[in-house]
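Chemist: build the 3D model from these lines:
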Amino acid sequence: MADIDADAIEREPLNDTLITGNPTYRSLENQITNMVFNQRSHPQSWLFVFVVGFLLLNLLMMAMTWLLYKGVGIWGINIPCAWGFDIINFVWWIGIGHAGTLISAILLLLRQQWRNSINRFAEAMTLFAVACAGIYPLFHTGRPWVAFYWLGPIGPNILGLWPQFRSPLVWDVFAVSTYASVSLLFWFVGLIPDLGTLRDRTENKALKVVFGIFSMGWRGSARHWERYETAYLILAGLSAPLVLSVHTIVSFDFAVGIVPGWHTTIFPPYFVAGAVYAGFAMVLTLAIPIRAWYGLKNQITMRHLDWMAKVMLTTGLIVFYGYVMEVFYGWYSGNLYEWAMILNRFKGPYAPFYWALITCNGIIPQILWNPKWRRNLVVLFAVSQVVSLGMWLERYIIIPVSLTRDFLPSSWGYYTPSVWDLGMFAGTIGLFITLMFLFIRFLPIINIFEMKDLLSKIHHTRHAADDHTHTYGTDVATSAQATDNLASAEE
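Modeler: Numbering: from 1, shown residues only. Here you go, the predicted model:
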């Protein structure tokens, strides 16, 4: 951890070069593949974090086993608050995955080269976050082994009832499953050329067979590259709308309800911006220590971190605007229940959580306006942690706090999470950490061929600039000589 502190305290200069250190194609490839082939190159920090994540994963297994045995009554949900930690964490995990899709798909379609260093582990982050999110609604049904039968379009149940296809809860099933499958395909297709590289470089026969199977006969021929580029762009085109649609549909879980605090049209853009906000905070949370542990400062430069901080700041302003509009709608609508909901957030039993939310998501991130703080990695890492906490608090305020204050005072209640709620949440964090750190250990976390392509473009740009400078200098010298000759002739 000392390496992180030393790296963080140092304010690295900004530069417009996306790869620093003047690497060659071979050295760039060696540095990335060495993380896969040389298992002793992984620092002690990896082992420490992995052990913590694995212990939390075992806690998740224990919580899920007890949940299946006893039922959802072990959670803190009650009447009127039938949605608690389960839906809070579902929405939070789905949001975290959005940054990976945005970095991978939308920035690819916009031809943004700075995505090349971070898209691989951002895509992996999406998959692992969706895996964590899927656990909650599945187990919230109480009988996950028949959940798909209840929600899928395969026929009526034993009572002759069909799934309610006009319900956003059913839309969630299709949206999240589509999101997960397209993200998995997009991630795997992007891995194929690098798996071919690993197959060709490894001397271990077993690994050669494994990488050979998953590289699907990749030879790097012109025909393979043409088909790869076509498939990759098609998947990017399919993934881009999912950035908007998935969390929009998740927001409909609340917006179509009549509960005060839910029934508002600002939820879809508000949720999408919040998802990207939380996602980039998680990408920074991973990128800052990983680049320090593995010496990847030349691949994930300060310019990458600065741009991600700017995206986080921008989406944070949109989210904060949503908070302001919620208060405005509650006042301007003249609706007694909406205004009572706002006052309950301001000074009710959950008021400390609400003001912590405003502080974490609206006030503290404003220090990122200052370039000096954006370049301080300690500050940037801390702000990312604060934003992740703030986005979780946002879901807490929206879901149980709104449900505990309904239309009738006789129906009011109070929500307190149980120890099993906390254990399952900690367990999903452990699942995420375990999957992410296994990925870091056994697969290239930076896209090898895209980095080589970027390095080629950088070299081409430099050579073109040098040629232009040389030509311009020659022209100036020739012009100066001609002027001197003309002056001499006139004399």
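Chemist: go ahead and confirm Leu169 touches Val250.
Modeler: No: applying CB atoms under 8 Å as the test, Leu169 and Val250 come out as separate, 10.2 Å apart. The way it works is simple: take the backbone N, C-alpha and C, and place the C-beta from them, glycine included.
Chemist: ok, the two, which is more surrounded?
Modeler: The neighbour comparison of Leu169 against Val250 (other CB atoms under 10 Å) goes to Val250, with 26 against 14.
Chemist: from the contact counts, what lies against the helix or strand that one falls within?
Modeler: When secondary structure is defined by DSSP states H and E, Val250 falls within helix 222-255. Contacts defined by 3 or more CB pairs under 8 Å, 6 or more residues apart in numbering; DSSP states H and E place helix 222-255 against helix 85-96, helix 98-101, helix 107-109, helix 168-201, helix 267-293.
Chemist: just put these in TSV and tack on mean pLDDT and distance to Ala426.
Modeler: Below are those laid out as TSV (pLDDT from 0 to 100; distance: least, CB to CB, whole Å):
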stretch	mean pLDDT	distance to Ala426
helix 85-96	92	10
helix 98-101	79	22
helix 107-109	83	32
helix 168-201	88	22
helix 267-293	90	16
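Chemist: quick check: which of those is buried the most?
Modeler: Of all the helices and strands packed on helix 222-255, helix 98-101 has the most neighbours on average by mean count of other CB atoms under 10 Å, namely a mean of 29.
Chemist: so which other helices or strands are in contact with that one?
Modeler: helix 119-140, helix 168-201, helix 222-255, helix 267-293.
Chemist: buried stuff in the following helix or strand past the last one?
Modeler: Per DSSP H and E, helix 267-293 leads on to helix 302-332 as the next helix or strand towards the C-terminus. Of the residues in helix 302-332, those buried under the neighbour-count criterion (16 or more other CB atoms under 10 Å) are 302-309, 311-313, 315-316, 319-320, 322-323, 326, 329-330.
Chemist: follow-up on the earlier one: can I get the helices and strands packed on helix 98-101 in TSV with distance to Ile448?
Modeler: Shown next, in TSV, are those (distance: least, CB to CB, whole Å):
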stretch	distance to Ile448
helix 119-140	9
helix 168-201	5
helix 222-255	14
helix 267-293	16
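Chemist: do you know which of those lies nearest Pro43?
Modeler: Pro43 sits nearest to helix 267-293 of all the helices and strands packed on helix 98-101, at 4.9 Å, using CB to CB.
Chemist: quick one: the closest one to helix 85-96, angle?
Modeler: 70 degrees (axes from the mean of the first three to the mean of the last three CA atoms, to 10 degrees).
Chemist: and the helices and strands packed on helix 222-255 as JSON lines, adding distance to Asn361?
Modeler: JSON lines is the format used below for the helices and strands packed on helix 222-255 (distance: least, CB to CB, whole Å):
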{"stretch": "helix 85-96", "distance to Asn361": "12"}
{"stretch": "helix 98-101", "distance to Asn361": "16"}
{"stretch": "helix 107-109", "distance to Asn361": "24"}
{"stretch": "helix 168-201", "distance to Asn361": "24"}
{"stretch": "helix 267-293", "distance to Asn361": "8"}
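Chemist: so which of the ones you listed comes closest to Ile367?
Modeler: helix 267-293 (14.2 Å).
Chemist: chain center to the closest one, what's the gap?
Modeler: 5 Å (CA atoms, centre = their mean, to the nearest Å).
Chemist: same deal with stretch 138-145?
Modeler: With CA atoms, centre = their mean, you get 26 Å for stretch 138-145.
Chemist: need the distance between the two termini of it.
Modeler: End-to-end distance for stretch 138-145: 9 Å, by CA to CA, to the nearest Å.
Chemist: give me the mean pLDDT for that stretch.
Modeler: The pLDDT scores in stretch 138-145 average 84.
Chemist: how about stretch 32-44?
Modeler: pLDDT averaged over stretch 32-44 gives 87.
Chemist: for it, which positions count as buried?
Modeler: 32-33, 35-36, 42.
Chemist: and the closest residue to Ala147 other than its chain neighbours, how far from Leu169?
Modeler: When the adjacent residues along the chain are set aside, Ala147 lies closest to Thr141, with 4.5 Å between them (CB to CB, 6 or more residues apart in numbering). Using CB to CB, to the nearest Å, Thr141 is found at 10 Å from Leu169.
Chemist: and for Leu455?
Modeler: Distance from Leu455 to Leu169, by CB to CB: 48 Å.
Chemist: worst-scoring helix or strand of this structure, pLDDT-wise?
Modeler: helix 2-9 (a mean of 44; mean pLDDT, DSSP states H and E).
Chemist: could you dump the very next helix or strand once past that one to CSV, C-alpha only?
Modeler: Sequence order places helix 25-37 as the next helix or strand after helix 2-9, per DSSP H and E. The C-alpha trace of helix 25-37 is given here as CSV (Å, rounded to 0.1, in the frame of the first residue of the first chain):
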residue,chain,number,x,y,z
TYR,A,25,5.4,-2.8,-29.7
ARG,A,26,7.3,-5.6,-28.1
SER,A,27,7.8,-4.0,-24.7
LEU,A,28,4.1,-2.9,-24.6
GLU,A,29,3.0,-6.5,-25.4
ASN,A,30,5.5,-8.0,-22.9
GLN,A,31,4.3,-5.7,-20.0
ILE,A,32,0.6,-6.7,-20.5
THR,A,33,1.1,-10.4,-21.1
ASN,A,34,3.6,-10.7,-18.3
MET,A,35,0.7,-10.1,-15.8
VAL,A,36,-0.8,-13.3,-17.2
PHE,A,37,2.2,-15.6,-17.7
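Chemist: next, the angle helix 168-201 makes with helix 25-37.
Modeler: 110 degrees.
Chemist: compute the inter-axis angle for helix 25-37 and helix 119-140.
Modeler: 30 degrees.
Chemist: now for the helix or strand that helix 25-37 is followed by, which elements pack on it?
Modeler: Remark: after helix 25-37, the chain's next helix or strand is helix 44-70, criterion DSSP H and E. Other helices and strands packing on helix 44-70, by 3+ CB pairs under 8 Å, 6+ apart, are helix 119-140, helix 267-293, helix 419-442.
Chemist: among the ones you listed, which is nearest Ala222?
Modeler: Per CB to CB, nearest to Ala222 of the helices and strands packed on helix 44-70: helix 119-140, 23.7 Å.
Chemist: how much space between Tyr228 and Leu191?
Modeler: Taken as CB to CB, the span from Tyr228 to Leu191 is 11 Å.
Chemist: go on, Pro417?
Modeler: From Pro417 to Leu191 the distance is 38 Å (CB to CB).
Chemist: confidence score at the closest residue to Leu195 other than its chain neighbours?
Modeler: Excluding its sequence neighbours, the residue lying closest to Leu195 (CB to CB, 6+ apart) is Ser215, at 3.9 Å. Looking at Ser215, its pLDDT stands at 89.
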